[in-house]
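Participant: Generate a structure from the sequence data that follows.
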Amino acid sequence: MDLSNLKPAEGSNKNQGKRIGRGQGSGKGGTATRGHKGAKSRSGYSKKLGFEGGQMPLQRRVPKFGFTNINRVEYQAINLDALQALVDDKKVKDTVDFETLFSNGLAGKDDLVKVLGRGELKAKLKVSAHKFSVSAKAAIEAAGGEAITL
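Facilitator: Numbers count the residues shown, from 1 in each chain. This is a model prediction of the structure:
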């Protein structure tokens, strides 16, 4: 081994590419490929996230108001008069479950159902739903039925 065959360890020196801004002799001196003037030619320049060249950014153009709770649970409301209509149309006899409500178009397949107390229930029904209002539960039980919470 002698000085003629010395070389750095494998992977220790990487080609750093063009050396910019190192004098006129390099061919990449002067403006150092940045052009003339403007924010992008200055040192320390970094574009803000969402910057649109001075145009009012989308984040500031869109109206903002109120508060949206990400944990909100939405229920599909079904009133007692809708259940009574199912009985009147002879679509149900004695039990109303989620499949019945879905097949009659009162609820979507991924909906949570809440039974509300508007209207009058005359039929004795066994109603299954995710939630009941106090008045709906009372009306169902007053008609001799049963309110089952899923």
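
Participant: Which parts of the protein are strands?
Facilitator: With strands called from DSSP state E, the chain shows them at 75-79, 95-96, 112-116, 126-129, 131-132, 146-149.

Participant: and the last one, what does it pack onto?
Facilitator: I take that to be strand 146-149. strand 126-129, strand 131-132, helix 134-142 (3 or more Cβ pairs under 8 Å, 6 or more residues apart in numbering; DSSP states H and E). Every C-beta, even on glycine, is put in place using the N, C-alpha and C of the backbone.

Participant: hmm, who's touching the last one?
Facilitator: In this case it means helix 134-142. Outside helix 134-142, the residues that touch it by Cβ atoms under 8 Å, 6 or more residues apart in numbering are 79-80, 115-117, 120-121, 125, 127, 132, 146-147.

Participant: at 7 Å instead, please
Facilitator: Helix 134-142 is contacted from outside by 80, 115-117, 121, 125, 127, 147, using Cβ atoms under 7 Å, 6 or more residues apart in numbering.

Participant: What is the burial count for Leu80?
Facilitator: 23 (other Cβ atoms under 10 Å).

Participant: One more: Leu106?
Facilitator: Neighbours of Leu106 (other Cβ under 10 Å): 20.

Participant: for the closest residue in space to it that isn't next to it in sequence, what are its contacts?
Facilitator: Leaving aside its chain neighbours, Leu106 sits nearest to Ile78 (5.5 Å; criterion: Cβ to Cβ, 6 or more residues apart in numbering). Ile78 makes contact with 101, 106-107, 113, 115-116, according to Cβ under 7 Å, 6+ apart.

Participant: May I ask which of those has the most neighbours?
Facilitator: Val115 (28 neighbours).

Participant: I'd like the average pLDDT over stretch 32-50.
Facilitator: The pLDDT scores in stretch 32-50 average 90.

Participant: ok so, going back, may I ask which two of the contacts of helix 134-142 are separated the most?
Facilitator: By the measure Cβ to Cβ, Leu116 and Leu125 form the most distant pair in the contacts of helix 134-142, at 14.8 Å.

Participant: quick revisit: which one of the helices and strands packed on strand 146-149 lies nearest to Asn13?
Facilitator: strand 131-132 (69.3 Å).
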